[in-house]
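A.B. asks: Pasted the sequence and its predicted model underneath.
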Amino acid sequence: MSFGQAFTVGSTVVQMKQQSAIGKFNQRVAERNAAILEYEAQKIDQQAEFDIARFNQQFRKSVGTVNVALAKSGVVITSGSAERVKESNNLEKEMQNKITRYNADVSMANKMEEARFSRIQGQMARQQARLANISTVAKAGTSLLSMGSFNKPSPQGQFGSTANNSTFSNYS
């Protein structure tokens with residue numbers, strides 16, 4: 001094996017290791033990003049639960065304040081327009097809770113989709129590194145094959161074939 005061939009093999013091995021390391025690193029980065037996005041989705045869910053609980057608490061306070069005011073004014077709370085207002089407020093409360101939950105679910109779904117996409121990008125980075133390895137090996141093989149053809153002695157002399165030339169046939 002010539003120095004050039006040994007150098008080609010050595011540099012190919014080093015390049016393949018670097019390509020693999022880069023691919024693995026990029027995949028780890030994508031996995032970390034995906035984990036962060038999943039954590040953010042979890043936080044969105046927790047924030048929605050907190051917002052709903054806080055809204056319900058404020059709603060109960062306002063209902064209590066209204067009931068006290070109505071009772072002071074002598075209105076019967078369990079019948080008539082007071083009952084319809086109470087029913088309407090309960091429907092509004094449910095709608096507000098559903099809107100909060102829906103918005104949180106949409107945001108969570110978006111974060112989870114981003115996490116899945118990040119993982120796909122990581123897998124693609126790893127596959128690109130593998131393809132780069134294959135390309136490197138193919139180039140090195142081509143290079144080694146071409147080096148091998150230059151080292152073989154040619155069946156022709158330096159000045160071409162002398163087989164049909166009577167003047168030079170005695171000197172070959």
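C.D. replies: Received, thanks.
A.B. asks: Kindly list the longest helix within the chain.
C.D. replies: The longest helix of the chain (DSSP state H) is helix 80-151.
A.B. asks: Averaged pLDDT, that helix. What do you get?
C.D. replies: Average pLDDT, helix 80-151: 87.
A.B. asks: And that helix, what does it pack against?
C.D. replies: Judged by 3 or more C-beta pairs under 8 Å, 6 or more residues apart in numbering; DSSP states H and E, helix 80-151 is in contact with helix 3-72. Just so you know, the C-beta spots here come from the backbone N, C-alpha and C atoms, and that holds for glycine as well.
A.B. asks: next one: stretch 55-65 to chain centre, how far?
C.D. replies: 43 Å (C-alpha atoms, centre = their mean, to the nearest Å).
A.B. asks: Just the CA trace of that stretch, in CSV.
C.D. replies: Below are the C-alpha coordinates for stretch 55-65, written out as CSV (Å, rounded to 0.1, in the frame of the first residue of the first chain):
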residue,chain,number,x,y,z
PHE,A,55,-62.0,31.9,36.9
ASN,A,56,-64.4,29.6,38.7
GLN,A,57,-63.3,31.1,42.0
GLN,A,58,-63.9,34.6,40.8
PHE,A,59,-67.2,33.5,39.3
ARG,A,60,-68.3,32.1,42.7
LYS,A,61,-67.3,35.4,44.4
SER,A,62,-69.3,37.4,41.9
VAL,A,63,-72.3,35.1,42.2
GLY,A,64,-72.2,35.4,46.0
THR,A,65,-72.0,39.2,45.7
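A.B. asks: What are the buried residues along that stretch?
C.D. replies: Phe59 (16 or more other C-beta atoms under 10 Å).
A.B. asks: hang on, the earlier thing: can you give me the angle the longest helix of the chain makes with helix 3-72?
C.D. replies: Relative orientation of helix 80-151 versus helix 3-72 (axes from the mean of the first three to the mean of the last three C-alpha atoms, to 10 degrees): 180 degrees.
A.B. asks: Tell me the gap between helix 80-151 and the middle of its chain.
C.D. replies: Distance of helix 80-151 from its chain centroid, counting by C-alpha atoms, centre = their mean, is 6 Å.
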